[in-house]
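Engineer: can't give you the sequence, but here's the structure:
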Ligand code: ADP
Ligand code: MG
């Protein structure tokens, strides 16, 4: 238990060092301003006690007939002016803090996105990882809140309490001890609370992710049509409510316990408050303190108890309840990345698969089983087979997105495991089966695949058979797409052609087309493949298709079945063989007559 607490404290210190270090490095001027205002807000708020004491002393003198109205009034005005100054400083402090925390969140978000981009794509196939990334984004907000609260306590509140502590001590040391003791139970309570909230965050995150997903299924545009047609709202709503219910219940349980504990702690605090006031009266009647000192302490007590309570019940509470979530941000930043480091540019003369098997995470069945073949630069290879035979999986391994779980993939004789991912992806292009429809302009949709290139995109749009019909694309290639940001929507076939254009645009030595024409009708498809064969003459190309008619353009055809290569050869060779390919071809031949 103690070890765990030390570890957490160490984690908190690391978090503070990391975030303040980052803030100091990226925005030093703003950090300095933030720091100065924190200190001034603390010291000035406390400093007011001297003005109070002096004012009450002057009033006492006036009542005893020893002072003048002018002196008392002057002292009162000085106190009021100082108070106004404190208010202004505190308002500015809040403003700076708010602004600075946004800036810091921006810096942290950048690290998070960069990390997400470096993570091995296979990790995204793991359900738990989705929890991780979701928790990391929540954790980012939490981490900023933790660090800002800690800095506020560490700088502003400590400055305030040091000042007040010295003042109390100078009046009566016993007052300080009494005040300190009444807070002891609160400190212990805050430690217990930290454990409760960390546990709750870990338990409840999967339910949050689920109910947010079902909410999306009910409310968002992409799901709307299907959901309405199936009349699935009721069913989805039930799933949404069940998960939200469990989530709320888990949170409620923790919050309830935490609030009950707080109630008990407040009782201790109140006893301390009453105790301090009794002591104060005692000293006054004994003549041990002046009326001014009595009034200054008495009128500052409320503020001190409020602030102390703010620190322990709100700020430390905020730190402890957010700390568990904040750690998830760091857990994500520390996730394993791919180990390959080699950075020399690949020539891609030859690609070899040696006894390659592959299983998805959390799956006991191999999606690929003992796959062997060698492809030389310039070859066009078709991969065919029924749904679920492993075609898309094979392309992901060919691109290096996933690494084999068994066996080796070699490029120019070198294992792809040794290569840095960015080197591996360089020179590869693809049209994915589940291509994306980016809510951007036509031009951006294409240029996204190769930021370095500045070539005109008209030519590539033509190759992909994507005509910019007049009337629809009012701004030509600058026409905004997708309804989300006020653009126009495209048909499935048009989006797919755009995905093809995007794949062709990227500079490449090797290209993978995974069923790139599924949403395009067969006649137009033939046209696209014909143009494609021409473009990719000197490049290595893999075309995945379930329409065997299109496979004819390939130099070689790989036939897959249940994760294995069952046949390999040219169209004519495979037809002569009278095997799986022949069978599939015959089954589809009636479409092409
Ligand atoms: P194809 O592209 O030929 O239709 P896939 O490569 O998509 O086939 O799928 C091959 C096998 O791997 C199937 O059994 C499929 O269920 C499984 N599979 C595909 N994607 C995943 C995934 N993300 N997680 C687990 N299994 C998967
Ligand atoms: Mg597929």
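Structural biologist: Yep, it's here. Computed from a prediction, not measured in an experiment: that's the story for all the values here. Numbers count the residues shown, from 1 in each chain. Ligands and ions are numbered 1, 2, ... in the order given.

Engineer: Which pLDDT value belongs to the closest residue to ligand 1 within the stretch 151-300 of the chain?
Structural biologist: The nearest approach of the stretch 151-300 of the chain to ligand 1 comes at residue 213, 16.5 Å away (C-beta to the nearest ligand atom). All C-beta spots, glycine's among them, are computed from the backbone N, C-alpha and C. What the model reports as pLDDT for residue 213 is 91.

Engineer: Now do the SS call for it.
Structural biologist: Under the three-state scheme (DSSP: H, G, I helix; E, B strand; the rest coil), residue 213 adopts helix.

Engineer: Numbering from 20 from now on, please.
Structural biologist: Renumbered: residue one is now 20, and that last one reads residue 232.

Engineer: What is the neighbour count of it?
Structural biologist: Applying other C-beta atoms under 10 Å, we find 15 residues neighbouring residue 232.

Engineer: Kindly report the same for residue 260.
Structural biologist: 12.

Engineer: and the helix or strand hosting it, how far out from the chain's middle?
Structural biologist: Using DSSP states H and E, residue 260 maps to helix 252-304. In terms of C-alpha atoms, centre = their mean, to the nearest Å, the centre of helix 252-304 is found 30 Å from the chain centre.

Engineer: How about stretch 142-161?
Structural biologist: 7 Å.

Engineer: Ok, stretch 25-38 next?
Structural biologist: Per C-alpha atoms, centre = their mean, the centroid offset for stretch 25-38 relative to its chain is 20 Å.

Engineer: residues making contact with that stretch?
Structural biologist: Residues outside stretch 25-38 that contact it (C-beta atoms under 8 Å, 6 or more residues apart in numbering): 123, 127, 162-163, 165-166, 169-170, 213, 338, 342, 345-346, 349.

Engineer: swap in stretch 433-448?
Structural biologist: 137, 139, 357-365, 367, 418-419, 422, 427-430, 468, 522-523, 525-531.

Engineer: For these, I'd like a selection string for PyMOL - just the buried members, please.
Structural biologist: In PyMOL syntax, the buried subset of the contacts of stretch 433-448 is picked out as below (16 or more other C-beta atoms under 10 Å):
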select buried, resi 139+357+359+365+367+418+419+422+428+430+468+522+523+525+527+528+529+530+531
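
Engineer: Out of the contacts of stretch 433-448, list just those in helices.
Structural biologist: Among those, DSSP state H puts 137, 522, 523 in helices.

Engineer: got the contact list for the second one?
Structural biologist: With contacts defined as C-beta under 8 Å, 6+ apart, the neighbours of residue 522 are 448, 449, 450, 468, 530, 532, 535.

Engineer: one step back: can you tell me how far the residue of the stretch 170-319 of the chain closest to ligand 1 sits from residue 225?
Structural biologist: According to C-beta to C-beta, to the nearest Å, residue 232 stands 11 Å off from residue 225.

Engineer: Quickly list what's touching both of those two.
Structural biologist: With C-beta under 8 Å, 6+ apart as the test, residue 232 and residue 225 reach no residue in common.

Engineer: What ranges in this protein fall below the confidence cut-off?
Structural biologist: Scanning the chain for pLDDT under 70 picks out the ranges 20-21, 610-612.

Engineer: can you list the residues of it near ligand 1?
Structural biologist: 144, 379, 382, 386, 404, 406, 407, 408, 409, 410, 411, 412 (C-beta under 6 Å from any ligand atom).

Engineer: who's in contact with the second one?
Structural biologist: Taking C-beta under 8 Å, 6+ apart as the definition of contact, the neighbours of residue 379 are 141, 144, 386, 412.

Engineer: mind running it again at 6 Å?
Structural biologist: Counting by C-beta atoms under 6 Å, 6 or more residues apart in numbering, residue 379 touches 144, 386.

Engineer: what about it, which SS state?
Structural biologist: Applying three-state DSSP: residue 379 is coil.

Engineer: What's the PyMOL line that selects buried ones from the contacts of stretch 25-38?
Structural biologist: Selection of the buried residues among the contacts of stretch 25-38 in PyMOL, burial being defined by 16+ other C-beta under 10 Å:
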select buried, resi 123+127+162+163+165+166+169+170+213+338+342+345+346
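
Engineer: with the contacts of stretch 25-38 in mind, which one is nearest to ligand 1?
Structural biologist: Taking C-beta to the nearest ligand atom as the measure, ligand 1 lies nearest residue 349 of the contacts of stretch 25-38, at 27.3 Å.

Engineer: Which helix or strand contains the closest one?
Structural biologist: Using DSSP H and E, residue 349 sits in helix 335-352.

Engineer: on contacts alone, who are the packing partners of that helix?
Structural biologist: Secondary-structure packing of helix 335-352 (3 or more C-beta pairs under 6 Å, 6 or more residues apart in numbering; DSSP states H and E): helix 146-170, helix 203-238.

Engineer: Is residue 420 in contact with residue 139, as I believe?
Structural biologist: No: counting by C-beta atoms under 6 Å, residue 420 does not reach residue 139; the two are 8.6 Å apart.

Engineer: one step back: in a markdown table, list the contacts of residue 522 along with distance to ligand 2.
Structural biologist: Conversion of these to a markdown table gives the following (distance: C-beta to the ion, whole Å):
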| residue | distance to ligand 2 |
| --- | --- |
| 448 | 18 |
| 449 | 12 |
| 450 | 12 |
| 468 | 20 |
| 530 | 16 |
| 532 | 11 |
| 535 | 11 |
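
Engineer: Check whether stretch 575-593 comes near ligand 2.
Structural biologist: No: remark: stretch 575-593 sits outside contact range of ligand 2, by C-beta under 5 Å from the ion, the gap being at least 10.1 Å.

Engineer: mind listing what's buried in that stretch?
Structural biologist: Within stretch 575-593, the residues that count as buried by 16+ other C-beta under 10 Å are 575-580, 582-584, 586-588, 590, 593.

Engineer: Go through the helices and strands packed on helix 335-352 and pick out the most buried.
Structural biologist: Across the helices and strands packed on helix 335-352, the average number of neighbours (mean count of other C-beta atoms under 10 Å) peaks for helix 146-170, which reaches a mean of 20.

Engineer: on contacts alone, who are the packing partners of that helix?
Structural biologist: Checking 3+ C-beta pairs under 6 Å, 6+ apart, helix 146-170 ends up next to helix 21-45, helix 88-137, helix 203-238, helix 335-352.

Engineer: Contacts only, for the residue of the chain found nearest ligand 2.
Structural biologist: Closest residue of the chain to ligand 2, C-beta to the ion: residue 411 (3.1 Å). The neighbours of residue 411, taking C-beta under 6 Å, 6+ apart as the test, are 452, 533.

Engineer: And what about it, helix, strand or coil?
Structural biologist: helix.

Engineer: roughly how far apart are it and residue 420?
Structural biologist: From residue 411 to residue 420 the distance is 11 Å (C-beta to C-beta).

Engineer: now do residue 223
Structural biologist: In this view, residue 223 and residue 420 are 32 Å apart by C-beta to C-beta.

Engineer: got it, and residue 490?
Structural biologist: Residue 490 is 39 Å from residue 420, by C-beta to C-beta.

Engineer: Who has more neighbours out of these two?
Structural biologist: The neighbour comparison of residue 490 against residue 420 (other C-beta under 10 Å) goes to residue 420, with 18 against 5.

Engineer: and the residue nearest to the more buried one when sequence neighbours are not counted, how many neighbours?
Structural biologist: Leaving aside its sequence neighbours, residue 420 sits nearest to residue 140 (C-beta to C-beta, 6 or more residues apart in numbering; 4.6 Å). Applying other C-beta under 10 Å, we find 14 residues neighbouring residue 140.

Engineer: Would you confirm that residue 140 contacts residue 418?
Structural biologist: No: Residue 140 is beyond contact range of residue 418, at 9.4 Å (criterion: C-beta under 6 Å).

Engineer: So which elements touch the helix holding residue 260?
Structural biologist: Packed against helix 252-304 by the contact rule (3+ C-beta pairs under 6 Å, 6+ apart) you find helix 192-200, helix 203-238.

Engineer: 7 Å instead?
Structural biologist: Where contact means 3 or more C-beta pairs under 7 Å, 6 or more residues apart in numbering; DSSP states H and E, helix 252-304 is packed against helix 192-200, helix 203-238, helix 310-328.

Engineer: Show me what the first one is packed against.
Structural biologist: Helix 192-200 sits against helix 177-190, helix 252-304, with contacts defined as 3+ C-beta pairs under 7 Å, 6+ apart.
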